[in-house]
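Trainee: sequence and predicted structure below; questions after.
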Amino acid sequence: MQVPKKHFPIVGLLGLVVVAAAGGGVYYYQFVLSHATVTYTPANRLVFMTAIVQEEGGFHITNTAFLNQTNLPAFNATTGANMTGVKSQKYQGESDNKTIDAHVGDTITFYVFGENTTSSDPNLHLSKGHGFDILGGGSFTVKSSPNSPGILGGTNPSNPPIPFGKWYSVTITFNEAGSYTYQCSVNCSPLHFMMNGHIVVT
C-alpha cells in the first residue's frame, strides 16, 4: 500500500525540503528565501562631455571614470580638469553617449566643454554660450566650490552661460531614485535650443 503524499504549498516557491517521517510518510515543506537587498557604496563619478546646440549634436559624453580619492581634480576653466596624479578608474558608459546610470547616494562631477557650432545656418550662431541645468522629480544636492561653481541655467538663472571654448564643472549628489534630465537651459540661445541627456538613478 502506497502512503499518500501530503503537500503544504506556499506561494513563491524558491526551495524544497524533503523530510522522511516515521511510518514511511513523505512530507514536502516548501520555503521562501527572503529577498536580499542590494546595497551600493556611494561613488563619485566623473563625466566629461562636450556641449553644442541640439541641431549640431547636443551633449556628448566623451569619457567616464570613478574617482578613487576624496579630493576632486584641480580645475581650470581654460584647461579643464587636471587628472595628473588623480586616482581614478575608467568605466564604460552607455552606448548613446548621453545617458548616465547611477545609484542613490552617488555623486557626479560634470566637466562640460562648450563648443561652437560649425553649421552655415546663421540661426545656430545666435548663442554666445550654453547653460547647464538638471531637472527631475527626485532630490539632488549641488555642491559649490572653486572646482564646482554650481548650476548654470534654469535652476540658477543668475549665473551666466558657459562661454564657447571654456570648461565648466559642477558636482551633484543624487539623494533619491528617479529619472533626471540634464539640458541646456534657456540661457543657451535666444532660440531656446534644448540639448537633453538623461540620468537614471536606481
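Mentor: That came in fine, so what should we check first? Numbers count the residues shown, from 1 in each chain.

Trainee: quick one: low-confidence parts of this structure?
Mentor: Residues of the chain that meet the criterion pLDDT under 70 lie in 1-38, 53-57, 117-129, 145-160, 185-195.

Trainee: break it down into its domains, please.
Mentor: Per the record's domain assignment (automatic domain parsing), the chain is made up of the domains 1-36, 44-201.

Trainee: do you know how far the closest residue to Gln69 other than its chain neighbours is from Asp106?
Mentor: Using CB to CB, 6 or more residues apart in numbering and skipping the chain neighbours, the partner closest in space to Gln69 is Lys87 (4.4 Å). All C-beta atoms are positioned from the backbone trio N, CA, C, and that covers glycine. The span separating Lys87 from Asp106 equals 17 Å under the rule CB to CB, to the nearest Å.

Trainee: please identify which of these two sits among more neighbours.
Mentor: Neighbours per residue, other CB atoms under 10 Å: of Lys87 and Asp106, the larger number sits with Asp106, 22 against 11.

Trainee: and the residue lying closest to Leu46 once chain neighbours are set aside, how far from Gly178?
Mentor: Counting by CB to CB, 6+ apart, the nearest residue to Leu46 once its immediate chain neighbours are dropped is Ala65, at 4.6 Å. Here Ala65 is placed at a distance of 24 Å from Gly178 (CB to CB).

Trainee: Gly105 now?
Mentor: 13 Å.

Trainee: again, but for Asn97
Mentor: Distance, Asn97 to Gly178, using CB to CB: 22 Å.

Trainee: likewise for Pro161?
Mentor: Between Pro161 and Gly178 the distance is 26 Å, computed by CB to CB.

Trainee: the more surrounded of these two?
Mentor: Neighbour totals were compared for Pro161 and Gly178, and Pro161 leads with 23 against 16 (other CB under 10 Å).

Trainee: that one against Asp133, yeah?
Mentor: No. At 10.6 Å, Pro161 does not count as touching Asp133 under the criterion of CB atoms under 8 Å.
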